[in-house]
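Engineer: Predicted model and sequence below, questions to follow.
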Amino acid sequence: MNERDTENSLLLDLTQSEEIEEEKEGKCSKYCNPLVSIIIFLVALLIVVLALVVFWKMEVPEKTRTQIVGFNQSQISELIKTREECTTAECITLSSTLLNWQNTKIDPCDDFYEHSCGKYHEHTMNDGTRVNEKDRIVIKLIQHFLLSNQSANTASEIAMKIMYRSCERSLQPRNIITYREAIQKEVFQNIKKIGNWPMANMTWNESEFSLNDMIANMAKLHMLHYGFFEAGILDYPIDAAPKQLMIRPARSRFDMFLPEFTHVISELLRLSNVTFLNETLTKDIQDGLNLDTELGKFRIPDREPESVTVEELKRAVPAIDFERILKTLLNPERGNWTNVKNRTTAARFESFFNPEKNISSIIFKTKPRVMANYLIMKYIEHAYIYYSMRFRYASKYSHCLELTINLLPRAALRVFVRNHYKKENMVVASKMVEIIKDAFIEMFENSTWLHEETRKAAILKVKKMNKVIGYTEEYEREGALDQQFETLHLTPDDSFFTIMTKVHRFKTEQLMEYVSTNSLLNPIDSLVVTNAFYFPGKNLLSLLAPFLDKPHFDAHYPRYVTMAGVGRVIAHEIGHGFDTEGRHSDETGQYRDWWTPEDSAEYDKRASCFQKQFDEFKDPFLGEMQQGLGVLSEVIADALGMEATWIAFKKLDLSNEQTLIKFGDQDQDFKKLFFRAAALDFCAPNRIDKHSPRHLLKWSHPTHRFRINGAFANSRSFTEAYNCPLGSRMNPIERCDLF
Ligand SMILES: [Zn+2]
């Protein structure tokens, strides 16, 4: 019998004694004498009490029993409050993790990181945190599906399997040479689709050249970069549109020099039985490289300059028919050009608008032969990665596995969700987001220094924050994803390169669909990673499914555990909306200053306290100290996340929460468990290698040790849980505080 059953029997006994009393009042018979009734009642009560004492001595575990001996009223209520233990597989694993990773010899008030994570390395072969391990598990699960004989029933599953297997075949050593030649022949066929190529045609005549035809044909294949300019998606609002198709200067330049390019192109021509003169070829390639260098001389600012309409761009660069080119990027049947057109924009870039020199003047003075060769060279460089060994995912997983998951992230997510995921987790997480948003609002309401105007804008930003939990609603409908895959026709007979061309075209069409709709899910975003994100340009919080899964999350974990773990990460991500960078965007994602000058100054002053604190933090396992400026936004997101999560935690009704096996069941125990659970995501083996200061500058996040010891010590809630003596490392005299 567990403790909950015991509690029920107690209630049952009490109810029964009430029923006896009612009966007595209703039917007065031989016990009507009041004195007799009182005596009988007292005897009955005594029997019940004695029975309970005997019963509890027999049934209640040692720890609880000591609380009820003596049996007065307050102890009965304590007894009723006694919590059940959470005995789901996930909870048992969690208890075991907490017990195994901790080092109880370390005082939590001195080094909470070591206290919580000190024995992590004794229990894992994992080089990173449990988040990294979960990433690997999820990828392995998808690989298992791809390798298994389990039949693929849906369009997205079929596409994944065909792509993965074709990729693996192309990498088998016995196939490498034949496959390389087959791809080269296909590349040559695709070049013919783009236009007449002077290098491959001795009788090429410049009257055959059309710049717009060639670029439009490249776009039809799937390409978005054309040397003279490129098309890309902007995921933040300009004017009224939340996202746009942006025409901007091409940023990528040739990665190959003359000798390599000459080798690649002459091999391609020879295989296709094209005769050519070495000298002419070298000159053509050099001309193409020179044109690329010239186009690369325009300055591209980090932030887009003032936006302009496509009409204005057309007037500045009349030689390029932008609309015609962009239109070919859409699916001919399903694409909505009107919507895409309304969301197409450009900006006053030097390469388009400089009156002295811009791409228009370059096009005007460059020979058609050079431009035609140049565009084909752009395509060859792209295609070359598929038959050279230049493009390989350098990770622990197979290249083909990563390629498949990265190019078809929605299909990959579906495999994970359908086969290995509890969808109820998403529902619980979605509710948690709302609770934490309320905590942020309370934090702003209680701020002692925010002016009313700033406070209102901050609250509005929280209220309007979008959320994606796992995936967006449009994919909840049965068959919704497969409808998308109707336009991707892969067959097992397709060569690997044909598959790549089709998949890239499919992605391009998806991107255009993304621009034309209000979907929050960008098709290029990774979906099967154990992480959560905040996108300031969309004021969007995104929690990915693998993160809302064991061991980080479970719908049946006690709520103080979920609040400390996933809740704290949700709050950290929302906190990015108010960190040193995120605070510059408003509730629509627009880059706009919504702070009063006084509030901005106060914010900066308070932020510098965090920076100083971080700069002074010494991690014993780092050769050098990390500098605060590069990671300040993360430090602040951690501080805000901790504060908001604690506000939300304090609002939880803990009376019915289960406890974890081997952990206490009082409110104070839950407060401690809150911090212990929060620390788990940062446990990692100590890095004992020495880092150069330059290397440290590349780290986007503070060290794990700081994220626990530094961030927790700053939080008054930690002191409330652990009662650390004032002046101890985890309860310092000086603290930083943002809002
Ligand atoms: Zn962050």
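Structural biologist: Right, received. Where do you want to start?
Engineer: Next to the ion, which bits of the chain? Give me the list.
Structural biologist: 634, 637 (C-beta under 5 Å from the ion). (C-beta placed from N, C-alpha, C; glycine too.)
Engineer: Student question: in the chain, what's the helix or strand with minimum average pLDDT?
Structural biologist: Lowest mean confidence among the helices and strands of the chain (mean pLDDT, DSSP states H and E): helix 3-26, at a mean of 33.
Engineer: For residue 202, grab the count of nearby residues.
Structural biologist: Using other C-beta atoms under 10 Å, residue 202 is surrounded by 11 other residues.
Engineer: That one looks like it's in a strand, true?
Structural biologist: No - under DSSP: H, G, I helix; E, B strand; the rest coil, residue 202 sits outside any strand and is assigned coil.
Engineer: Same question for stretch 89-100: list its buried residues.
Structural biologist: Buried residues in stretch 89-100, defined by neighbour count with 16 or more other C-beta atoms under 10 Å: 90-91, 94-95, 97-98.
Engineer: In the stretch 501-650 of the chain, where is pLDDT below threshold?
Structural biologist: Flagging of the stretch 501-650 of the chain using pLDDT under 70 yields the residue ranges 619-630.
Engineer: So which residues of it form helices?
Structural biologist: According to DSSP state H, counting those that start in this stretch, the stretch 501-650 of the chain carries its helices in the segments 559-562, 568-576, 597-615, 632-651.
Engineer: And the helices in the stretch 51-200 of the chain?
Structural biologist: Taking DSSP H, counting those that start in this stretch to define them, one finds helices in the stretch 51-200 of the chain at 62-68, 73-81, 89-101, 112-117, 130-147, 155-171, 176-194.
Engineer: Mind checking these for the one nearest to residue 462?
Structural biologist: Between residue 462 and those, the shortest separation by C-beta to C-beta is 25.6 Å, and it involves helix 130-147.
Engineer: and residue 327, what does it touch?
Structural biologist: residue 337 (C-beta atoms under 8 Å, 6 or more residues apart in numbering).
Engineer: Going forward, the N-terminal residue is numbered 13.
Structural biologist: All set: I'll call the first residue 13, so the last point we hit is now residue 339.
Engineer: For it, what are phi and psi?
Structural biologist: For residue 339, the backbone dihedrals (degrees, to the nearest 10) come out as phi -60, psi -40.
Engineer: Strands along this protein, start to end?
Structural biologist: Assigned by DSSP state E, the chain shows strands spanning 242-246, 256-260, 319-320, 356-359, 478-481, 544-547, 552-555.
Engineer: neighbouring contacts of the shortest one?
Structural biologist: The reference is to strand 319-320. So strand 319-320 is contacted by 250-251, 357-360, 365 (C-beta under 8 Å, 6+ apart).
Engineer: Mind listing the strands that strand pairs with, and their directions?
Structural biologist: strand 356-359 (antiparallel) (DSSP bridges).
Engineer: Same question for the second one.
Structural biologist: Its sheet considered, strand 256-260 pairs with strand 242-246 (antiparallel), strand 356-359 (parallel) by DSSP bridges.
Engineer: Pull out the buried positions in that strand.
Structural biologist: Across strand 256-260, burial judged by 16+ other C-beta under 10 Å covers 256-260.
Engineer: Alpha carbons only: can I get it in CSV?
Structural biologist: Written as CSV, here are the backbone C-alpha positions of strand 256-260 (Å, rounded to 0.1, in the frame of the first residue of the first chain):
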residue,chain,number,x,y,z
GLN,A,256,10.5,39.4,-46.7
LEU,A,257,12.3,38.1,-49.8
MET,A,258,15.3,40.3,-49.9
ILE,A,259,17.3,41.2,-52.9
ARG,A,260,20.8,42.1,-51.8
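Engineer: related to what we said a few turns ago, need the strands paired with strand 256-260 in TSV (columns: mean pLDDT and mean neighbour count).
Structural biologist: Putting these into TSV (pLDDT from 0 to 100; neighbours: other C-beta atoms under 10 Å) gives the following:
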stretch	mean pLDDT	mean neighbour count
strand 242-246	92	18
strand 356-359	92	22
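Engineer: Tell me which of those sits nearest to residue 643.
Structural biologist: Residue 643 sits nearest to strand 242-246 of all the strands paired with strand 256-260, at 26.5 Å, using C-beta to C-beta.
Engineer: Run the chain-centre distance for the closest one.
Structural biologist: Centre-to-centre, strand 242-246 and its host chain are 22 Å apart (C-alpha atoms, centre = their mean, to the nearest Å).
Engineer: Could you do stretch 125-144 as well?
Structural biologist: Its chain's C-alpha centre and that of stretch 125-144 lie 22 Å apart, by C-alpha atoms, centre = their mean.
Engineer: And for stretch 435-447?
Structural biologist: Stretch 435-447 has its C-alpha centroid displaced from the chain centroid by 16 Å (C-alpha atoms, centre = their mean).
Engineer: can you tell me the average pLDDT over that stretch?
Structural biologist: Model confidence over stretch 435-447, given as mean pLDDT, is 93.
Engineer: for stretch 501-509, same thing?
Structural biologist: Stretch 501-509 comes out with an average pLDDT of 93.
Engineer: Let me have the buried residues of strand 256-260 in a markdown table, extended by pLDDT.
Structural biologist: Shown next, in a markdown table, are the buried residues of strand 256-260 (pLDDT from 0 to 100):
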| residue | pLDDT |
| --- | --- |
| 256 | 89 |
| 257 | 94 |
| 258 | 93 |
| 259 | 95 |
| 260 | 93 |
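Engineer: Okay, residue 165 and residue 698: tell me how far apart.
Structural biologist: 47 Å (C-beta to C-beta, to the nearest Å).
Engineer: let me redo that: residue 374
Structural biologist: 55 Å.
Engineer: swap in residue 185?
Structural biologist: Residue 185 is 40 Å from residue 698, by C-beta to C-beta.
Engineer: These two: which is more packed in?
Structural biologist: The residue with more neighbours, out of residue 185 and residue 698, is residue 698; 18 against 6, by other C-beta under 10 Å.
Engineer: In contact with the residue nearest the centre of the chain: list those residues for me.
Structural biologist: The residue lying closest to the centre of the chain (C-alpha atoms, centre = their mean) is residue 544, at 3.6 Å. Applying C-beta under 8 Å, 6+ apart to residue 544 gives the contacts 553-556, 559, 581-582, 584-585.
Engineer: now swap in residue 294 and tell me
Structural biologist: 270, 274.
Engineer: Repeat the analysis, applying 10 Å as the threshold.
Structural biologist: Neighbouring residues of residue 294 by C-beta atoms under 10 Å, 6 or more residues apart in numbering: 270-271, 273-274, 277-278.
Engineer: try residue 684
Structural biologist: Residue 684 is in contact with 120, 675-676, 678, 730, 733-735, counting by C-beta under 10 Å, 6+ apart.
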